[in-house]
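S.K.: Here is the input, now give the coordinates:
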Amino acid sequence: MSQKFQVAGISCGHCVNAVQNAVQTVDPEAQVTVDLETGHVDVLSQQPRQDLVAAIENAGYRVQ
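M.R.: Residues are numbered from 1 along each chain as shown. The predicted structure is shown next:
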């Protein structure tokens, strides 16, 4: 299932890696695509949305 998030504070490659790693702690098989310019994060995962949001926010980013 594809899920889309608007994430504030993503500004560099380190941020991209941090968000990808955070999502993959919840679902190691998740496919994560981050657009630095827009802050959009697309996640292909079967995990519940609230679990993915919690993982991203625990990594220090705000999901809007």
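S.K.: Compute the distance between residue 14 and residue 57, please.
M.R.: 17 Å (CB to CB, to the nearest Å). C-beta coordinates here come from the backbone N, C-alpha and C atoms, glycine included.
S.K.: What of residue 5?
M.R.: Counting by CB to CB, the gap from residue 5 to residue 57 is 10 Å.
S.K.: Who has more neighbours out of those two?
M.R.: Neighbours per residue (other CB atoms under 10 Å) separate residue 5 from residue 57, with residue 5 holding more: 20 against 13.
S.K.: Return the set of residues that bridge with the more buried one.
M.R.: residue 41 (DSSP bridges).
S.K.: so it sits right up against residue 63, yeah?
M.R.: Yes: with contacts counted by CB atoms under 8 Å, residue 5 reaches residue 63, the gap being 5.3 Å.
S.K.: Now do residue 27: how many residues are near it, please.
M.R.: Residue 27: 17 neighbours (other CB under 10 Å).
S.K.: Please state the backbone phi and psi of it?
M.R.: For residue 27, the backbone dihedrals are phi -140, psi 100 (criterion: degrees, to the nearest 10).
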